[in-house]
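Asker: Give the three-dimensional model of this entry:
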Amino acid sequence: MWKRAKASFFALIALFVLVLLFRGEFGLLSLYRYSRFEKTLERQLAAEQARGDSLEQVLYRLKTDPEFLERMARERLNMIKDNERVYRFKETEIDK
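Answerer: Prediction:
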């Protein structure tokens, strides 16, 4: 009888340890989810840092390169010089 009680006690402790390992805030499954979430955030951070660097380069060029500034104004704001003509063409199904 003592052997059976001892085996039951160890089984109960093993079950308790398994529950602690896999359930709760600090269980293995939660830690795995947190790890995945952290990696996702790191990827997003790297993408945003690259985007910020790119925008800084554009800002620097806008401040220092007059030709770049003129080209950006022409493209984005549809600006033209005096005595200049702009031709616009309709897109056809083949062009798309």
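Asker: Can you classify residue 82 as helix, strand or coil?
Answerer: Following DSSP: H, G, I helix; E, B strand; the rest coil, residue 82 is assigned to coil.
Asker: what does the one 4 residues further on give?
Answerer: What three-state DSSP gives for residue 86 is coil.
Asker: and it, how many neighbours?
Answerer: The number of residues packed around residue 86, counting by other Cβ atoms under 10 Å, is 8. Every C-beta, even on glycine, is put in place using the N, C-alpha and C of the backbone.
Asker: next helix or strand past the helix or strand of the chain with the lowest mean pLDDT?
Answerer: The helix or strand of the chain with the lowest confidence, counting by mean pLDDT, DSSP states H and E, is helix 2-22 at a mean of 80. Sequence order places helix 28-64 as the next helix or strand after helix 2-22, per DSSP states H and E.
Asker: Helix or strand next in line after that next one, which one?
Answerer: Moving toward the C-terminus from helix 28-64, the next element (DSSP H and E) is helix 66-77.
Asker: show me the contacts for residue 66.
Answerer: Taking Cβ atoms under 8 Å, 6 or more residues apart in numbering as the contact definition, residue 66 lies against nothing.
Asker: So that it lines up with my notes, have the first residue be 801 from now on.
Answerer: Sure, I'll start numbering at 801, so the last one becomes residue 866.
Asker: Could I get the CA-only coordinates of the least confident helix or strand of the chain as CSV?
Answerer: As requested, C-alpha coordinates have been extracted for helix 802-822 and formatted as CSV (Å, rounded to 0.1, in the frame of the first residue of the first chain):
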residue,chain,number,x,y,z
TRP,A,802,2.9,2.4,0.8
LYS,A,803,4.3,1.7,-2.7
ARG,A,804,1.0,2.7,-4.3
ALA,A,805,0.7,5.9,-2.3
LYS,A,806,4.3,6.8,-3.1
ALA,A,807,3.6,6.2,-6.9
SER,A,808,0.4,8.3,-6.7
PHE,A,809,2.3,11.1,-4.9
PHE,A,810,5.0,11.2,-7.5
ALA,A,811,2.4,11.0,-10.3
LEU,A,812,0.6,13.9,-8.7
ILE,A,813,3.9,16.0,-8.4
ALA,A,814,4.7,15.1,-12.0
LEU,A,815,1.3,16.3,-13.2
PHE,A,816,1.7,19.5,-11.1
VAL,A,817,5.1,20.2,-12.7
LEU,A,818,3.7,19.6,-16.2
VAL,A,819,0.8,22.0,-15.6
LEU,A,820,3.3,24.6,-14.3
LEU,A,821,5.5,24.1,-17.4
PHE,A,822,2.8,24.3,-20.0
